[in-house]
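**Q** Generate a structure from the sequence data that follows.
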Amino acid sequence: MILESDRLRLREMILSDLDALLLVLGDAESMRYYPKPFDREMVQKWIERHRCNYAQHGVGLWAMVLKATGEVIGDCGLVWQEVEGHQELEIGYHVRRDQQMQGYATEAASACQD
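**A** Presented below is the predicted three-dimensional model:
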């Protein structure tokens with residue numbers, strides 16, 4: 001486990017999270033600002049990329065897990081982004097659409113910020 005908040009645990013993503021994350025990253029509405037929703041292969045590469053980020057940078061997007069059920073409902077974490085030629089640390093998140101509007105993204109992002 002990386003972080004814990006009142007209702008959530010953030011932990012490293014693992015390949016067995018693929019189906020749960022496909023529900024988030026494969027949703028056309030949730031991914032409307034991305035070039036396209038992810039397919040299964042893209043989600044697998046997403047998980048692998050963030051696992052590499054953990055090893056290389058010590059940070060990445062982590063699986064967002066409901067403490068009450070153990071269910072993965074998205075991801076949240078710290079990601080290095082290039083902005084105007086400079087590396088900036090961003091807090092990013094994705095939450096499964098049926099779990100949105102319940103404060104999970106805010107709670108997870110606040111834990112990452114702290």
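
**Q** for the record, mean pLDDT for the strand or helix carrying Val43?
**A** Assigned by DSSP states H and E, Val43 falls within helix 40-57. The average pLDDT for helix 40-57 rounds to 96.

**Q** Can you name the next helix or strand after that helix?
**A** For helix 40-57, the following helix or strand on the C-terminal side (DSSP H and E) is strand 61-66.

**Q** Surely Leu10 is in a strand?
**A** Yes - membership of Leu10 in a strand is supported by DSSP: H, G, I helix; E, B strand; the rest coil.

**Q** Show me which strand runs longest in this protein.
**A** Determined from DSSP state E, the single longest strand within the chain is strand 72-83.

**Q** Tell me what the residue most central in space within the chain is bridged to.
**A** Closest to where the C-alpha atoms of the chain average out (C-alpha atoms, centre = their mean) is Asp75, at 1.9 Å. Beta-bridge pairing of Asp75 under DSSP bridges involves Ala63, His94.

**Q** so what's it up against?
**A** The contact partners of Asp75, by C-beta atoms under 8 Å, 6 or more residues apart in numbering, come to 13, 21, 24, 50, 61-64, 92-94. Every C-beta, even on glycine, is put in place using the N, C-alpha and C of the backbone.

**Q** Just give me the closest of these to Arg7.
**A** Met64 (10.0 Å; C-beta to C-beta).

**Q** out of everything not next to it in sequence, what's closest to the closest one?
**A** Excluding the flanking residues, the one nearest Met64 by C-beta to C-beta, 6 or more residues apart in numbering is Gly74, at 4.3 Å.

**Q** OK, contacts around the one you found?
**A** The neighbours of Gly74, taking C-beta under 8 Å, 6+ apart as the test, are 21, 24, 64, 93-96, 99, 104-105, 108.

**Q** Neighbour-wise, give me the winner out of those residues.
**A** Ranked by neighbour count (other C-beta atoms under 10 Å), the contacts of Gly74 have Met64 at the top, with 31 neighbours.
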